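Novice: sequence first, predicted coordinates after that:
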Amino acid sequence: PCENYVCGSYCNIVLCYSINGQYNIVDNLISNCMGYFQSVNDGEFPICSLYRFAGNGAYWKQDYVNAIKYYELYFANVDNREMGTNYEEIANQLAVSYLFSNKPQEAQALLKKIVLSESEKLDKENRGLLAMIYHNLGRSEMLMNNIESAKKSLEKSKELQIKVFGQVTEKTQNFLDEIKSKR
């Protein structure tokens, strides 16, 4: 239990420095923590979780360039996945960061990979996240002018949103309306 607290504390301090934009300190902390994380080999906090927390801080700060940097490091260091749906959540947040950085191709490729490999799991464990993934996939396809694909993805998001929340988000409906007006 003590090792879990230490790992969790390291992750939280990385998050705090990242939220404050102090990325030099974040990078030093991650570098200094690596040895401890490897020696503990804790299933709850694998090494990649340090990058997730750093990426989350940048993402919440809307510093998408640094969010991309840390989230890509997260995926490069995923030797064993975290519990739950963190992997899929980070993929979605990385895709959003790509979208806000005018990189819809990267967002589309990542989200298609997640839909192909993880949609069955997400349909059982986190349909709300799956709805967001389809929404962001549709948005990336719209930005790339793949209107038919965008419509299918957004319709799937709408269907899931209705099942989970009982309604469709305004953004998803606006994108669907925009597609209709282009026809």
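Specialist: Good, I have the coordinates. Predicted model only: the values in this text are computed from it and were never measured. Residues are numbered from 1 along each chain as shown.
Novice: distance from the chain centre to the longest helix along the chain, please.
Specialist: Counting by DSSP state H, the longest helix found in the chain is helix 104-125. Relative to its chain's centre, helix 104-125 lies at 11 Å (CA atoms, centre = their mean, to the nearest Å).
Novice: got the angle for the helix or strand following it vs helix 104-125?
Specialist: For helix 104-125, the succeeding helix or strand toward the C-terminus, using DSSP states H and E, is helix 127-143. Angle, helix 127-143 to helix 104-125, by axes from the mean of the first three to the mean of the last three CA atoms, to 10 degrees: 160 degrees.
Novice: which other residues reach the helix or strand just after helix 127-143?
Specialist: With elements assigned by DSSP H and E, the helix or strand that comes after helix 127-143 is helix 147-165. With contacts defined as CB atoms under 8 Å, 6 or more residues apart in numbering, helix 147-165 is touched by 127-128, 130-132, 134-135, 137-139, 141-142, 167-169, 172-173, 175-176, 179, 182. Where C-beta positions appear, they are placed from N, C-alpha and C, glycine not excepted.
Novice: low-confidence bits of the protein, can you list those?
Specialist: Where the chain drops to pLDDT under 70, the residues are 1-2, 41-42, 79-81, 183.
Novice: which of the contacts of helix 147-165 are buried?
Specialist: Neighbour-count burial (16 or more other CB atoms under 10 Å) applied to the contacts of helix 147-165 gives 130-132, 134-135, 137-139, 141-142, 168, 172, 175-176, 179.
Novice: among those, which pair sits farthest apart?
Specialist: Leu130 and Ile179 (20.4 Å; CB to CB).
Novice: gap between Ala58 and Arg52?
Specialist: 11 Å (CB to CB, to the nearest Å).
Novice: which residues do these two both contact?
Specialist: Listed as contacting both Ala58 and Arg52 by CB under 8 Å, 6+ apart are Tyr70.
Novice: please identify which of these two sits among more neighbours.
Specialist: Higher neighbour count among Ala58 and Arg52: Arg52, with 28 against 25, using other CB atoms under 10 Å.
Novice: ok, now which ones touch that one?
Specialist: Shown in contact with Arg52 (CB under 8 Å, 6+ apart): Cys11, Tyr70, Tyr71, Tyr74, Glu82, Asn86, Ile90.
Novice: then stretch 62-69 to CSV, C-alphas only?
Specialist: The C-alpha trace of stretch 62-69 is given here as CSV (Å, rounded to 0.1, in the frame of the first residue of the first chain):
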residue,chain,number,x,y,z
GLN,A,62,-5.5,23.7,-23.1
ASP,A,63,-1.8,23.5,-24.0
TYR,A,64,-2.4,20.9,-26.7
VAL,A,65,1.2,20.9,-28.0
ASN,A,66,2.5,19.6,-24.7
ALA,A,67,-0.6,17.4,-24.2
ILE,A,68,0.3,15.7,-27.5
LYS,A,69,4.0,15.4,-26.4
